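Novice: need coordinates for the following:
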Amino acid sequence: MPFLKSWIKIIFITAVAFFIFSETVFAQVEMGSDEPDCSRYAGRLHQCNRRMYPICGSDGRDYGNTCVFCSYMLESKGELKFSHYGNC
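Specialist: As a prediction, the model looks like this:
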């Protein structure tokens, strides 16, 4: 029986450690009224992660996060504009 208790403790500690050190726990959400700074994505278009912080573009389309939005905006040569954070 002590063997089973040890495994339960190990599983619990592992689960807690995973939650604490998961990168999404400490992710900064770019919410606010200011437009996103797309200059940092200019050299790496469409090399984005899958974190979901939706942005609504001027075309009425939802973009998954700042990187995805900026990639399309930079490709559009200024036709696509920022509308607001969140779904359209």
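Novice: and stretch 78-88, what's buried?
Specialist: Across stretch 78-88, burial judged by 16 or more other CB atoms under 10 Å covers 80, 82-83, 85. C-betas here are computed from N, CA, C, even on glycine.
Novice: now swap in stretch 40-56 and tell me
Specialist: For stretch 40-56, using 16+ other CB under 10 Å, the buried residues are 41, 48, 53-56.
Novice: between these, which is nearest residue 20?
Specialist: residue 53 (21.2 Å; CB to CB).
Novice: show me what contacts the residue nearest to that closest one when sequence neighbours are not counted?
Specialist: Nearest residue to residue 53 in three dimensions, chain neighbours excluded: residue 65, at 4.7 Å (CB to CB, 6 or more residues apart in numbering). Residues in contact with residue 65 (CB atoms under 8 Å, 6 or more residues apart in numbering) are 48-49, 51-55.
Novice: of all the residues you listed, which comes closest to residue 19?
Specialist: residue 51 (16.2 Å).
Novice: not including adjacent chain positions, what is the nearest residue to the closest one?
Specialist: residue 65 (5.5 Å).
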